[in-house]
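Chemist: With the input below, show me the fold.
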Amino acid sequence: MGTTTTKGYKLPTKGDADFWNQIEFDIQRLNDHKHDNIDSQPLSPPSIVKSVQTVSAGSWVAVPGQAGTFKQTLTVPATYAVDGMIVKFFVDGGGEDGHQIFPSIQKVSSLTFDIFINDNSVALKAVYG
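Modeler: Got it, this is the predicted structure:
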C-alpha cells in the first residue's frame with residue numbers, strides 16, 4: 001500500500017496491487033475538493049482571477065424624479081450572479097483614476113443590476129471577485 005499525503009491523497013508505490021484504486025480515489029478527490037485546508041490547500045485572495053467590466057461615462061441616463069442622479073444597468077460577467085457577487089468600483093481615468101467609489105446598486109434580475117451615481121461624466125471599472 002502506498003502512502004497518504006497530508007491532504008489525504010494516495011501516493012502509490014511501485015508494485016502496489018491496488019494502484020488503480022488509489023488513482024481512482026485521487027481523481028475523485030481532486031474532482032470534489034473545496035480548497036478548505038482539509039482536502040486541499042486554501043486559496044489566497046490574490047490568486048483568485050477577477051473579472052473586470054468597463055462602465056462607460058457615455059452610458060449614464062438620468063433617473064426620472066431624482067435630479068442629479070444617473071444610472072446604468074449592468075449585466076454581470078459569465079459565471080457570476082447578482083445574489084452571490086462581490087463587486088468593487090474604481091474610477092477609470094481623470095484625476096481620480098484608480099480611486100474606489102461606493103455607488104448604490106439595486107438588483108434588477110438574477111444577472112443584472114442598476115448602478116447609481118451623481119456624476120454622469122465618470123467612467124468606472126467594476127471588479128468582480
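Chemist: any weak-confidence spans in this structure?
Modeler: Filtered on pLDDT under 70, the chain yields the residue ranges 1.
Chemist: tell me the domain boundaries of it?
Modeler: 1-43, 49-128 (automatic domain parsing).
Chemist: wait, Ser51 sits on Val87?
Modeler: No - counting by CB atoms under 8 Å, Ser51 sits too far from Val87 to count as a contact (9.2 Å). For every residue, glycine as well, the C-beta is placed using N, CA and C.
Chemist: Show me which of those two is the more surrounded one.
Modeler: More neighbours surround Val87 than the other of Ser51 and Val87, with 19 against 15 (other CB atoms under 10 Å).
Chemist: Now do the same contact list for that one.
Modeler: Counting by CB atoms under 8 Å, 6 or more residues apart in numbering, Val87 touches 105, 126-129.
Chemist: Then Thr112?
Modeler: 73-76, 82.
Chemist: could you redo the last one with a cut-off of 6 Å?
Modeler: Thr112 makes contact with 73, 75, according to CB atoms under 6 Å, 6 or more residues apart in numbering.
Chemist: Could you check how far it is from Gly95?
Modeler: 31 Å (CB to CB, to the nearest Å).
Chemist: can you list residues touching both of Ser51 and Val87?
Modeler: Common contacts of Ser51 and Val87 (CB under 6 Å, 6+ apart): Tyr128.
Chemist: For the residue in the chain sticking out farthest from the centre, give its distance to Lys88.
Modeler: The centre of the chain is farthest from one residue, Gly15, which by CA atoms, centre = their mean lies 44.2 Å away. When distance is defined by CB to CB, Gly15 is 54 Å away from Lys88.
Chemist: Can I get stretch 74-89 in PDB? Just the C-alpha atoms.
Modeler: What follows is stretch 74-89, C-alpha atoms only, in PDB (Å, rounded to 0.1, in the frame of the first residue of the first chain):
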ATOM      1  CA  LEU A  74     -25.100  46.200 -15.900                       C
ATOM      2  CA  THR A  75     -25.100  42.500 -16.700                       C
ATOM      3  CA  VAL A  76     -22.700  40.500 -14.500                       C
ATOM      4  CA  PRO A  77     -19.900  38.600 -16.300                       C
ATOM      5  CA  ALA A  78     -20.400  34.900 -17.100                       C
ATOM      6  CA  THR A  79     -20.300  32.600 -14.000                       C
ATOM      7  CA  TYR A  80     -21.500  35.400 -11.700                       C
ATOM      8  CA  ALA A  81     -25.000  36.100 -10.300                       C
ATOM      9  CA  VAL A  82     -26.200  39.200  -8.600                       C
ATOM     10  CA  ASP A  83     -27.100  37.400  -5.400                       C
ATOM     11  CA  GLY A  84     -23.600  36.000  -4.900                       C
ATOM     12  CA  MET A  85     -21.400  38.700  -6.400                       C
ATOM     13  CA  ILE A  86     -18.800  40.800  -4.800                       C
ATOM     14  CA  VAL A  87     -18.100  43.900  -6.800                       C
ATOM     15  CA  LYS A  88     -15.900  46.900  -6.300                       C
ATOM     16  CA  PHE A  89     -16.000  50.100  -8.400                       C
END
